[in-house]
Each structure stands twice: as structure tokens, then as C-alpha cells.
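S.K.: give me coordinates for this.
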Amino acid sequence: MVLRTAVVGAGIVSENNHLPAVSRNPRTRLVAVCDRDESALRGAVGEYGGRAYTDAEAMLDGKALDWVHVATPVQSHRELAGAAIERGVPVTVQKPATTTREELDDLRELARDNGVPVSVVHNWLFYPVIRELRRRLAAGEFGEVRAVEATFTGEGRPDDTYRGEWVYDLPGGDVEEGMPHPLYLTLALGGVPRDADAVDVRTRTVREYDGFDYDGTALQWVTGEDVLCSVTFVGGSAPNEQIRVYGTEQSATVDISTNTIDAHDADEGPFHLLGEQLGRSATTAGNVARGAADTLREYGLDRVEERFDRHREESVDGHYYLFDEAAKALERGEQPPVPLAHSKWVLELMEQVREDARE
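M.R.: Predicted coordinates:
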């Protein structure tokens, strides 16, 4: 079965991810592209094919579709995804799924009532280094997880974006558009809060902005399994994207940018002696070397995929891997990875950040 697929939105995220992925994958066939920007639409159809539409309703009524990708500004997600759901077409929507929890609840109810699978693009969960980390966690290598920390810095200022001016309608501007990534990663690795009252949020601004409430935030929560989770997300600073997992048997620092998992066993240390310190340094150096080798290998594979338009089941591209897994699930009549329910706590945490910033 080849899924007749439409992509709504011909902007940056579609150009870089959705359109090439759908056109390359043998499980999908791009039959339609929709965008109100006729210039962007012509460019997308000219490169990737499919029929051009400037109206999503007309596209949904005019084409027999098996799958719709919604890759538009978040403010339009509820309306566009809802229109596809009402016609019985499975939907994959970019993150965040909606602008508010209320919209998300409405969309989940609509999907449930119509029996339509809807999924969200949490693509960082499918980066090779995160897939490996999740494999090790599932295999029990860390023992019982006690804490998960995510530190993501390097986003632009709220008033400086490459994504499009639509982000300026968000309370945190460009910073808020990037915030779902560390949130859904920490929720997936550490767990969800016991309840909404178990979350502590702090926000800050380092300068005055016209129309934006914050440019950085720190959140903490405790899960039902007593895992302490924390997220620091800061705009306008030097880039750093790291996750730390602390377990009873092993702990690790995951550097996403360098594709490195620096893992250490619980019996190492306490590092008072020179030999212990050198041993720790040697372990770290070995982990970094393996990360560098993996990066070179994956960079080469990525270039091969892109240059030769080659499909790979174990793609190193997080978007492509996720879309391929979603396509396989739809072929089987199953729910694709990252169902709408996974956005519940992402939106709850984002709304708590907005509330703290307003106060």
C-alpha cells in the first residue's frame, strides 16, 4: 500500500523535512501540496510534484487522501487538522500540536469521535543519539532513574526569527516556538508530572521586548515514580543542547549537538585520587571518540540519503525516521508514534510558562 499523501504548508519546515521525506519514501506518494503563498507553492510543486492548492478545504474535497501533513503556523493547526479529521483522513501535525490545551482537548475529542489517528512531530525523539539513549533506558542499563535534566540554550531572541513572522504572535515569540523540544524529550525520558500542581516554573527576561513576556524559563516537576525532572530553556545565549540522566546503576550526559553519550557506572569514583580522576577522564575521552565516529558515519549516511534520494529504514534524520515509522503504522491500521495525547503535558507546561511570565 502506498499512502496518497498531502502536505499543507510549503514553508521552511516542509521544504527541509516533509516534502523531501514524502517524495523519497516508497511507502508514500505526494499527491497534493497546499499553501496560500502561491510563490512558495509553485516552488514546492515544481521540485517535488503533486497538485497545487491554495485552499485546504478544496484539496481535502478534491483528492482521495490517505494521510495529511500539517506543517503550518501553530495558530492554524486546530482548524486544518480538524478539517482532515472530519473527512476521515489521518493527520500528522507539526509541534506544538495546538496553541492551547483547550484546542488540544477539542482536537483529541474530534479524532476520537471520528476514529482517526492523529500524531505529532516530536522529531528529536528519533535522533540517533536519543534512540540509543532510549534503548539503554529500556534495557535497564541505568537501573532506576532518579532524575532527568535538559538544558537547551542558543535559541534566538523572541523578536528575532528565521521561521516566519507568525511566531511574533506567540507570547514568547521565537523562543516559545522552539520550547516544545526539551519539554517532550524530558517528559518521554523522565515521565510526566504527578499533577499540574507538582510543576514549579520560573521565567525571566534580560531586556524589554515589545509584545513578548519572556526569553528564558526553568521548570521542575516530580513524576508519579518520584523522578525529578528539570528543563532549562534560554534564548539569546551560546548554544548548548544536553540531557543528563541519573540512575542507580549508571548516569550519562547526552550532548545532542555532538552525538555523544558520556556514560559512567555507579561504582566509579569518588574521584579524590589522581588515578580515579584520570580513569574518569579516559572513560569520557572514549565516549567522545565514539560519538565523533558515529557523527562522521551518520553525516555520511545523511549525505547519501539526500544526494541520491535514497530511502533507509534506519534513517539518521529524525523527521524522516518518524515519518517512516508513522507510514508503517498507518499501513497496518495502527496509531502512528507520538499520538496527540503526548502533547497534553507539553501544552500544560507551556501554558504554565506563559502564566508565570504574565504574573
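
S.K.: can you check the pLDDT for the closest residue to residue 36 other than its chain neighbours?
M.R.: Using CB to CB, 6 or more residues apart in numbering and skipping residues adjacent in sequence, the residue nearest residue 36 is residue 54, 5.5 Å away. Every residue, glycine included, has its C-beta placed from N, CA and C. What the model reports as pLDDT for residue 54 is 97.

S.K.: residue 54 and residue 10, how far apart?
M.R.: As judged by CB to CB, to the nearest Å, residue 54 and residue 10 stand 10 Å apart.

S.K.: is there a neighbour count for residue 312? I'd like the number.
M.R.: 16 (other CB atoms under 10 Å).

S.K.: same check on residue 258?
M.R.: Using other CB under 10 Å, residue 258 has 15 other residues around it.

S.K.: what does the one 3 residues further on give?
M.R.: Residue 261 sits with 20 neighbouring residues when counted by other CB under 10 Å.

S.K.: tell me the secondary structure at it.
M.R.: strand (DSSP: H, G, I helix; E, B strand; the rest coil).

S.K.: does it touch residue 287 like I think?
M.R.: Yes: contact criterion CB atoms under 8 Å: residue 261 and residue 287 qualify, at 6.4 Å.

S.K.: residue contacts, the closest residue in space to residue 72 that isn't next to it in sequence?
M.R.: Closest residue to residue 72 apart from its sequence neighbours, by CB to CB, 6+ apart: residue 9 at 4.0 Å. Residue 9 sits next to 18, 34-35, 69-72, 94 when contact means CB atoms under 8 Å, 6 or more residues apart in numbering.

S.K.: could you do residue 238 as well?
M.R.: 153-154.

S.K.: that one: which element?
M.R.: Here residue 238 sits in a region with no helix or strand, counting by DSSP states H and E.

S.K.: show me which residues of the one helix or strand in the chain whose mean pLDDT sits lowest are buried.
M.R.: When the helices and strands of the chain are scored by mean pLDDT, DSSP states H and E, helix 274-307 comes last with a mean of 77. Within helix 274-307, the residues scored as buried using 16 or more other CB atoms under 10 Å are 287, 291, 294-295, 298, 301, 305.

S.K.: neighbours of the residue nearest to residue 36, just the number please.
M.R.: 12.

S.K.: ok, residue 21 next?
M.R.: 26.

S.K.: distance of residue 226 relative to residue 145?
M.R.: Going from residue 226 to residue 145 by CB to CB gives 10 Å.

S.K.: and those two? Which one has more around it.
M.R.: Just comparing residue 226 and residue 145: by other CB under 10 Å the higher neighbour count belongs to residue 145, 23 against 12.

S.K.: can you show me the strands along the stretch 201-350 of the chain?
M.R.: 216-222, 228-235, 240-247, 250-255, 260-265 (DSSP state E, counting those that start in this stretch).

S.K.: Serialize these to TSV and add fields for mean pLDDT and distance to residue 208.
M.R.: Formatted as TSV, the strands of the stretch 201-350 of the chain follow (pLDDT from 0 to 100; distance: least, CB to CB, whole Å):
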stretch	mean pLDDT	distance to residue 208
strand 216-222	96	14
strand 228-235	95	15
strand 240-247	96	25
strand 250-255	95	34
strand 260-265	91	38
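
S.K.: distance to residue 106 added to those, as JSON lines?
M.R.: Formatted as JSON lines, those follow (distance: least, CB to CB, whole Å):
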{"stretch": "strand 216-222", "distance to residue 106": "25"}
{"stretch": "strand 228-235", "distance to residue 106": "26"}
{"stretch": "strand 240-247", "distance to residue 106": "32"}
{"stretch": "strand 250-255", "distance to residue 106": "35"}
{"stretch": "strand 260-265", "distance to residue 106": "39"}
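
S.K.: so which of those strands gets nearest residue 199?
M.R.: strand 216-222 (4.5 Å; CB to CB).

S.K.: next, the angle strand 228-235 makes with that closest one.
M.R.: Relative orientation of strand 216-222 versus strand 228-235 (axes from the mean of the first three to the mean of the last three CA atoms, to 10 degrees): 170 degrees.

S.K.: direction included, what does strand 216-222 pair up with?
M.R.: As defined by DSSP bridges, the strand partners of strand 216-222 come to strand 199-204 (antiparallel), strand 228-235 (antiparallel).
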